[in-house]
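Visitor: Provided below are the primary sequence and the corresponding predicted coordinates.
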Amino acid sequence: MRRLGSSYAHPLLVLLALRSEGPVTRIGVIAGKNVGGAVQRNRAKRLLREAFRKVYPTLVQGYDLLIIARKPLPGSNFLDLQEAIDQLLHRAELIS
């Protein structure tokens with residue numbers, strides 16, 4: 001996916017997008033050990049899943065998306081995360 005898809009970066013997260021064969025958009029969430037311990041990684045993934053749950057109905061369908069959390073994400077608030085996601089999705093032209 002990293003070689004074939006497009007990558008979009010923000011200080012809080014990275015978005016990788018790849019056109020898929022299927023009719024729906026699938027989303028995967030990753031938080032590596034650089035984000036922190038298990039508690040911080042799980043918090044980061046929960047925040048990302050919730051933020052994308054709210055924006056999913058407006059996404060262009062037919063893509064595989066991979067969201068990678070960066071180190072400052074667990075300490076940020078939900079509004080900052082939503083703004084970051086909106087910026088990345090607009091940059092990737094994935095908002096319908």
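Guide: The structure has been received and is ready for your questions.

Visitor: My understanding was that residue 29 contacts residue 46; is that so?
Guide: No. Using CB atoms under 8 Å, residue 29 is not in contact with residue 46; the gap is 9.1 Å. The C-beta positions use only the backbone N, C-alpha and C, and glycine is treated the same way.

Visitor: So those two - more neighbours on which side?
Guide: residue 29 (17 against 13; other CB atoms under 10 Å).

Visitor: element containing that one, please.
Guide: Residue 29 is located in strand 26-30, with elements delineated by DSSP states H and E.

Visitor: outside of that strand, which residues touch it?
Guide: Residues from elsewhere that reach strand 26-30, judged by CB atoms under 8 Å, 6 or more residues apart in numbering: 20, 45, 48-49, 52, 56, 63-69.

Visitor: rerun at 7 Å
Guide: With CB atoms under 7 Å, 6 or more residues apart in numbering as the contact definition, strand 26-30 has outside contacts at 20, 45, 48-49, 52, 64-69.

Visitor: now swap in stretch 51-58 and tell me
Guide: Outside stretch 51-58, the residues touching it (CB under 7 Å, 6+ apart) are 27, 81-82, 85, 89, 95-96.

Visitor: please redo it, this time with the cut-off set to 10 Å
Guide: 13, 24-25, 27, 29, 59, 65, 67, 78-79, 81-86, 89, 94-96 (CB atoms under 10 Å, 6 or more residues apart in numbering).
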